[in-house]
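In: Curious how this folds, go ahead:
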Amino acid sequence: MKLKIKMQLSFMMFLEFFIWGGWFVTLGTFLDKNLSANGGEIGMAFSTQSWGAIIAPFIIGLIADRYFNAERILGVLHLLGAVLMYQMYTAVDFESFYPYVLGYMILYMPTLALVNSISFNQMKNPAKEFSFIRVFGTIGWIIAGLIISYVFLWDSEASREAGMLKNTFLMVSIASLLLGLFSFTLPKTPPVVAKDEKVSIGSILGLDALKLLKDRNFLIFFISSILICIPLAFYYQNANPFLSEIGVDNPTGKMTIGQGSEVLFMLLLPFFFKRFGFKKTLIAGMLAWTVRYLLFAYGNEGDLAFMLILGIALHGICYDFFFVSGQIYTDSKAGEKYKSAAQGLITLATYGVGMLIGFWIAGKVSDIYLVSPGVHDWENIWIFPAVFAFGVMILFTIFFKNVEVEYKE
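Out: Okay, the predicted model is just below:
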């Protein structure tokens, strides 16, 4: 790959995840403090990610793969996203905010697949080349959090009270406009499917891979993947509001420790696969969710602040050891025939169905343990996903038989 193209793809990936990390992390805090949204409404806002994940395959399968170059669709989606993000910036209540965030996530989620397609189309050896490009996405997410916390201080208590957190949407709107325009300069990525080629809804959604569920082991893994997304939703929806409410300084910046951890444990994953095997690696990932939430439940902003930092740092184990390992396992079970369909099915089940349920439950639990306006019983809120994740781990440990999975670097 030429250096120019490598730099283009890296900048594209940086902006793609700068945009996501620049508003999604602080969304719960913004809705609570600035729009006076309740837990159920915050859950609705976060669940737009799931609706976007459910609708995204149709945009990719019926439009992007058949009619237009991927880089052009990427540009159009981000230009439209910039407009919707600006509307979110100007919203004054949840009722006016929700339609814009729903529309935005329906447009944004397909771009995650598009940036991958554009990157893979330029690579001769994606297994070796993609990780270098993708890591700039994680860097973008981290930089967004650091800017919010340490440059503009938008998540400080004084700034939150002054309504400054809404500026994250303006920042992301500008970044989305920049990526939208920049996308038209990216290498050409033409459609991969002929216009007249028939395509079924089942193949778009990955339903062709449902045959894999006849395998008892894969069925247990599939169900566990959906269930573990319920405690995952608690982290995305509640972590930033929790840290902000209890008085942790620079909460958004501190949460970027999780992304750094994600990179570290991604590199360590091959070692754990070879040393402990697939089943134990997944169990470690699920156990990490339980430990993380217990640390959140009993830590505080004072002498036990290290427990909160450790809980954030566990993100690499929580995410990589279960979800990345799960993608590898799915790839090994599917074979060439159902490879793409199986990955699509898992994505639909987890980021679509699993997290849709998870965000709804997280919102309900947050409302149950609302002590007074702006004050929650966080210990009980975090105990719920801790116990739930532990239960999923026990079921997986009992019913999933150990298998050998080859990790291909």
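In: Every contact and neighbour count from this point should use C-alpha atoms.
Out: Will do.
In: Could you count how many residues lie near the closest residue to N69 other than its chain neighbours?
Out: Among residues not flanking N69 along the chain, P190 sits closest, at 4.4 Å (Cα to Cα, 6 or more residues apart in numbering). P190 sits with 17 neighbouring residues when counted by other Cα atoms under 10 Å.
In: who's in contact with P190?
Out: Residues in contact with P190 (Cα atoms under 8 Å, 6 or more residues apart in numbering) are F68, N69, A70.
In: likewise F399?
Out: By Cα under 8 Å, 6+ apart, F399 lies in contact with N217, I220.
In: Tell me, how many residues neighbour L287?
Out: L287: 20 neighbours (other Cα under 10 Å).
In: Name the next helix or strand downstream of the helix or strand encompassing it, please.
Out: Under the criterion of DSSP states H and E, L287 resides in helix 257-298. Next helix or strand after helix 257-298 toward the C-terminus (DSSP H and E): helix 305-313.
In: just to revisit the earlier point, what about the residue nearest to N69, which SS state?
Out: Here P190 is coil, with the state taken from DSSP: H, G, I helix; E, B strand; the rest coil.
In: so what's the backbone phi/psi at it?
Out: Phi and psi for P190, reported as degrees, to the nearest 10, are phi -70, psi 170.
In: Just give me the closest of the contacts of P190 to D155.
Out: A70 (35.5 Å; Cα to Cα).
In: Could you tell me which residues make contact with that closest one?
Out: A64, L114, S117, I118, K188, T189, P190, P191.
In: same thing but 7 Å
Out: For A70, the contacting residues are A64, L114, I118, T189, P190, by Cα atoms under 7 Å, 6 or more residues apart in numbering.
In: And it, how close does it get to L348?
Out: For A70, the distance to L348 equals 21 Å [Cα to Cα, to the nearest Å].
In: picking that back up, now do the helix holding L287 against helix 305-313, angle only.
Out: When axes from the mean of the first three to the mean of the last three Cα atoms, to 10 degrees is applied, the directions of helix 257-298 and helix 305-313 differ by 130 degrees.
In: where does the stretch 201-350 of the chain have low pLDDT?
Out: Residues of the stretch 201-350 of the chain meeting the criterion pLDDT under 70: 203-206, 336-337, 339-340.
In: 50 instead?
Out: For the stretch 201-350 of the chain, not a single residue meets the criterion pLDDT under 50.
In: Could you tell me the phi and psi values at the spatially closest residue to I5 that is not a sequence neighbour?
Out: Distances taken as Cα to Cα, 6+ apart place P187 nearest to I5, at 7.4 Å, with adjacent residues excluded. P187 has phi and psi values of phi -60, psi 140 when expressed as degrees, to the nearest 10.
In: Could you report the distance from P187 to Y98?
Out: For P187 relative to Y98 (Cα to Cα), the value is 35 Å.
In: Equivalent analysis for Q49, please.
Out: For Q49, the distance to Y98 - Cα to Cα - is 12 Å.
In: So between those two, which is more surrounded?
Out: Taking other Cα under 10 Å, Q49 and Y98 do not tie; Q49 has more neighbours (24 against 19).
In: got the contact list for that one?
Out: With Cα under 7 Å, 6+ apart, Q49 has these contacts: M105.
In: Which helix or strand contains it?
Out: helix 48-59.
In: State the mean pLDDT of that helix.
Out: When pLDDT is averaged over helix 48-59, the result is 88.
In: for stretch 5-21, same thing?
Out: Rounded mean pLDDT across stretch 5-21 is 97.
In: residues in contact with that stretch?
Out: 115, 119, 133-134, 136-141, 144-145, 172, 175-176, 179, 186.
In: same check, this time on stretch 126-141
Out: So stretch 126-141 is in contact with 9-10, 13-18, 21-22, 120, 123, 259, 409, going by Cα under 7 Å, 6+ apart.
In: With just CA atoms, put that stretch into CSV.
Out: Only the C-alpha atoms of stretch 126-141 are listed here, as CSV (Å, rounded to 0.1, in the frame of the first residue of the first chain):
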residue,chain,number,x,y,z
PRO,A,126,-5.7,-7.4,5.4
ALA,A,127,-4.7,-9.7,8.3
LYS,A,128,-1.4,-7.8,8.6
GLU,A,129,-2.2,-4.4,7.3
PHE,A,130,-5.7,-3.6,8.8
SER,A,131,-4.6,-3.5,12.5
PHE,A,132,-2.3,-0.6,11.8
ILE,A,133,-5.1,1.4,10.1
ARG,A,134,-7.8,0.4,12.7
VAL,A,135,-5.7,1.5,15.7
PHE,A,136,-6.1,5.1,14.5
GLY,A,137,-9.8,4.7,15.2
THR,A,138,-9.1,3.9,18.8
ILE,A,139,-6.7,6.8,19.0
GLY,A,140,-9.4,9.1,17.6
TRP,A,141,-11.8,7.9,20.3
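In: For that stretch, buried residues please.
Out: E129, F130, I133, R134, F136, G137, T138, I139, G140, W141 (16 or more other Cα atoms under 10 Å).
In: Tabulate those (JSON lines), appending secondary structure.
Out: Output for the buried residues of stretch 126-141, formatted as JSON lines (three-state DSSP):
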{"residue": "E129", "secondary structure": "helix"}
{"residue": "F130", "secondary structure": "helix"}
{"residue": "I133", "secondary structure": "helix"}
{"residue": "R134", "secondary structure": "helix"}
{"residue": "F136", "secondary structure": "helix"}
{"residue": "G137", "secondary structure": "helix"}
{"residue": "T138", "secondary structure": "helix"}
{"residue": "I139", "secondary structure": "helix"}
{"residue": "G140", "secondary structure": "helix"}
{"residue": "W141", "secondary structure": "helix"}
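In: could those be laid out in TSV, adding distance to S224?
Out: Formatted as TSV, the buried residues of stretch 126-141 follow (distance: Cα to Cα, whole Å):
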residue	distance to S224
E129	31
F130	28
I133	30
R134	27
F136	30
G137	28
T138	26
I139	30
G140	30
W141	28
